[in-house]
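Q: Coordinates for the following, if possible.
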Amino acid sequence: PIWPPLALRDLLRFRFAGSAGGGDGRQPVPLEEVEPIESIVKRFSTQAMSLGALSPETQHTLAIAMNRIGGRSNTGEGGEDPIVYAELIHGESAENKVKQVASARFGVTPEYLARAEQLEIKMAQGSKPGEGGQLPSHKVTPMIARVRRAVEGISLISPPPHHDIYSIEDLAQLIYDLREANPRAQIGVKLVSQAGVGTVACGVAKANADYVLISGHDGGTGASPLSSIKNTASPWEMGLAEAHQALVANGLRDRVRLRADGGLKTGRDVVMAALLGADEFGFGTAALVALACVMARQCHLNTCPVGVATQREDLRRKFPNEPGRLVNYLRFVAQQVRELLARLGFRSLGEVVGRADLLEAVEYHVPGRNGCLDLSGLLHRPPAAGRLSEPSDETARAATETSGPRHRNLDPLATRMVEDIRAPLERGVSIAREYEIRNTHRTIGARAAGEIALYRGSRGLEGATAEFRFTGSAGQSFGAFLTDGLRLVLEGEANDYVGKGMGGGELIIRPPRGSTFATHENTIMGNAVLYGATAGRLFAAGRAGERFCVRNSGAIAVVEGVGDHGCEYMTGGVAVILGETGRNFGAGMTNGVAYIYDPAGRFEHRYNPELVRIERLGDAEDADFLLRLISEHAEKTGSLRARELLHHWPLHSLYFWKVEPRSLPKPRADRQTAHASVEAARV
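A: Have a look, this model is predicted:
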């Protein structure tokens, strides 16, 4: 090259049709025969940049521009202000078609899921692989706090991805959960470009995802600490090529689409990505520059001079709010794609997906080294599974034309529940139904909740109640993404992820009738209960597993013991533990309150003192609030443990610890909301 290469793709060049390097008889085609710009831009998306990292005006403008051209914008992990569901901005929709579900679950409500065209699970990000997101406290305004169910002025830290996904089976379960909540949406998984990503991509395909995003190291919106961005992932060229090759070699390429992002800027970048295996293409930094960004690199300071990456109202007023800038930029990119396709001898972008044979390496000697870089690994074309000859281009490109979500057999129990909620949903009458349940019935309640959210949004059943009573052992994600008006009562036990992402309603879990064991000594639910819950109530007469109430931001729960890491990263809600806890309780907790019954005096050595403090019940208001919750727990679950505490309440109340963040002022609005919720439930 005549200029120093800055990226791996700068060391590659096209083998244009009719050139000396072509050698396969291809001839250029007339430009007018190449697919139009309007078709190409539908493969474009703006990548995940969260509300909070970006100003509301910037995210709205990105969405308007992509909706205008038929592409897709992405919420990022900061959620989405529900106002865009009801109002048009300058006559156009600012709703994002791609809604991200990250480990933090910020803003992930039943309504948020039900409105998505695509749901993207964030397993990693290029700017800081292996870590969660981070939003500085000075960017958490009242509006951002409202959307994220947090507290104004308090830093928000996302749990690392392993907090709820330990294996490919856990990822498959989350994909299943999201399909139950919104069977119309396509499900994608965001992976980071790094060695071995091909193996992970194969696992994602087997987990029934619709697309896989390979995110490169370049980009980011300035929310990462320096210690993170100095240890970033690898270029998207490497991860994309590895993922495509692994999927082809394992016969899985036709099951998923591949999307690439991380520094794409030109039509040349887009065609290069297509030849290495990408079906779709994401723009992040370039999209912001097209709108207004001047690369001041002050995102983390909240001082962006053009209002792109700030929450300061005086600076936000400087943002131009012109979607046409991004529209024009992406149309120019698409036009360059058309010109390159014509020179390559092809009429559509889909025809060249995976055609790495149309690329060749440029000889370039690295200064200070004797040899050249070996790029043969990027350009390798493995035979498709079961073939010893050249790979099938049709197989490699088959997923390109797939637009709908993957279909599977429906759970008959979930289907019956959807039919049963028609009466309360359409006529406003309450119902009660009884079912037997087995551990093969997974994510029970989510499909009914999604149906309600689709028609009613966050309003739920509005006065009516649909009560479903179950006996047996529930499978994973019992009561996930529940919404107001639904009540699930289980006599038996439940697996992991009870109440995952719960957005309202009520869960009651109690042992089978006639049980004689001590409930506070026996586990009745698995791990990660109420992970990412935003509202609702849980009463369980028994112990829960590890990571109880991680990222809870509004649910009220009463249980009789938990494992390690309880109430991690909690930003709202109330947790009452009528028994022992494991170690590291309250790590990263920035809001909400927990009450721990500790007659043995062990809890002082089991909580994490970094962000939380503990104290005994100091005022009558706390004691009265706790008494009412325990009374309700005893009434709904029949818990002997709760009745014992109530019978000698003046004595047992002395053994409770109150856990809350160190940095929160009093009075606690969070606690007042919980009090009101308890009173409303009793009425």
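
Q: Now for the residue nearest to the spatial centre of the chain: which residues touch it?
A: Centroid check for the chain by C-alpha atoms, centre = their mean gives residue 101 as the closest residue, at 1.2 Å. Counting by C-beta atoms under 8 Å, 6 or more residues apart in numbering, residue 101 touches 108, 113, 119-122, 174, 178. All C-beta spots, glycine's among them, are computed from the backbone N, C-alpha and C.

Q: Who does it form a beta bridge with?
A: residue 121 (DSSP bridges).

Q: That one and residue 261: what is the separation?
A: Relative to residue 261, residue 101 is positioned 17 Å away (C-beta to C-beta, to the nearest Å).

Q: just to revisit the earlier point, for residue 430, state which of the contacts of residue 101 is nearest.
A: residue 113 (24.7 Å; C-beta to C-beta).

Q: Name all residues that make contact with residue 363.
A: Neighbouring residues of residue 363 by C-beta under 8 Å, 6+ apart: residue 372.

Q: ok, now how distant is it from residue 115?
A: Residue 363 is 51 Å from residue 115, where distance means C-beta to C-beta.

Q: Repeat that for residue 584.
A: Residue 584 sits at a distance of 36 Å from residue 115 (criterion: C-beta to C-beta).

Q: ranges for the strands of the stretch 301-450 of the chain?
A: 359-361, 431-437 (DSSP state E, counting those that start in this stretch).

Q: sorry, back to before: if you count what's nearby, which of residue 584 and residue 115 comes out ahead?
A: residue 115 (22 against 17; other C-beta atoms under 10 Å).

Q: Pull the contacting residues for the more buried one.
A: Counting by C-beta under 8 Å, 6+ apart, residue 115 has contacts 85, 95, 99, 454.

Q: switch the cut-off to 10 Å
A: With contacts defined as C-beta atoms under 10 Å, 6 or more residues apart in numbering, residue 115 is in contact with 80, 82, 84-85, 95-97, 99, 109, 182, 184-185, 453-454, 457.

Q: cool, and residue 202?
A: Residues in contact with residue 202 (C-beta under 10 Å, 6+ apart) are 168, 212, 243, 246-247, 249-253, 255-256.

Q: Which ones among those residues map onto helices?
A: 168, 243, 246-247, 249 (DSSP state H).

Q: Tell me the buried residues in the longest helix seen in the chain?
A: If you go by DSSP H, the chain has its longest helix at helix 323-344. Within helix 323-344, the residues scored as buried using 16 or more other C-beta atoms under 10 Å are 323, 325-327, 329-330, 333-338, 340-344.

Q: what helices or strands is that helix leaning on?
A: Applying 3 or more C-beta pairs under 10 Å, 6 or more residues apart in numbering; DSSP states H and E, one finds that helix 323-344 contacts strand 12-14, helix 37-40, strand 44-46, helix 56-69, helix 267-275, strand 280-283, helix 285-291.

Q: so which of these gets nearest residue 375?
A: strand 12-14 (6.8 Å).

Q: Now the buried members of the contacts of residue 115.
A: Neighbour-count burial (16+ other C-beta under 10 Å) applied to the contacts of residue 115 gives 80, 82, 84, 95-97, 99, 109, 182, 185, 453-454, 457.

Q: nearest to residue 495, of the residues you listed?
A: Closest to residue 495, out of all of the buried ones among the contacts of residue 115 and judged by C-beta to C-beta, is residue 182, at 22.0 Å.

Q: what about the closest one, distance to residue 109?
A: Residue 182 sits 12 Å away from residue 109, going by C-beta to C-beta.

Q: can you list residues touching both of the two?
A: Residues touching both residue 182 and residue 109 (C-beta under 10 Å, 6+ apart): 115, 453, 481.

Q: For residue 446, state which of the residues you listed is nearest.
A: Distances from residue 446 to those, taken by C-beta to C-beta, are shortest for residue 481, at 4.7 Å.

Q: rewinding a little: and the contacts of residue 101, which two are the farthest apart?
A: The most widely separated members of the contacts of residue 101, counting by C-beta to C-beta, are 113 and 122 (14.4 Å).

Q: related to what we said a few turns ago, neighbour-wise, give me the winner out of the ones in helices among the contacts of residue 202.
A: The residue in these with the most neighbours, by other C-beta under 10 Å, is residue 243 (31 neighbours).

Q: what residues are up against the closest residue to residue 34 other than its chain neighbours?
A: Using C-beta to C-beta, 6 or more residues apart in numbering and skipping the chain neighbours, the partner closest in space to residue 34 is residue 338 (4.5 Å). Residue 338 makes contact with 31-37, 39-40, 267, 271, 347-349, according to C-beta under 10 Å, 6+ apart.

Q: Can you select the buried ones from those residues in ChimeraX?
A: Per 16+ other C-beta under 10 Å, the buried members of these correspond to this ChimeraX selection:
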select :34,35,37,40,267,271,349
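
Q: can you redo the contacts of residue 338 as JSON lines with distance to residue 512 and pLDDT?
A: Shown next, in JSON lines, are the contacts of residue 338 (distance: C-beta to C-beta, whole Å; pLDDT from 0 to 100):
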{"residue": "31", "distance to residue 512": "72", "pLDDT": "97"}
{"residue": "32", "distance to residue 512": "72", "pLDDT": "96"}
{"residue": "33", "distance to residue 512": "70", "pLDDT": "97"}
{"residue": "34", "distance to residue 512": "67", "pLDDT": "97"}
{"residue": "35", "distance to residue 512": "62", "pLDDT": "97"}
{"residue": "36", "distance to residue 512": "64", "pLDDT": "97"}
{"residue": "37", "distance to residue 512": "64", "pLDDT": "98"}
{"residue": "39", "distance to residue 512": "59", "pLDDT": "97"}
{"residue": "40", "distance to residue 512": "60", "pLDDT": "98"}
{"residue": "267", "distance to residue 512": "64", "pLDDT": "97"}
{"residue": "271", "distance to residue 512": "62", "pLDDT": "98"}
{"residue": "347", "distance to residue 512": "65", "pLDDT": "97"}
{"residue": "348", "distance to residue 512": "61", "pLDDT": "97"}
{"residue": "349", "distance to residue 512": "59", "pLDDT": "97"}
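
Q: Widest-spaced pair of the contacts of residue 338?
A: Pairwise distances across the contacts of residue 338 peak at 18.4 Å for 32 and 271 (criterion: C-beta to C-beta).

Q: In stretch 242-256, which residues are buried?
A: With burial defined by 16+ other C-beta under 10 Å, the residues of stretch 242-256 counted as buried are 242-250, 252-256.
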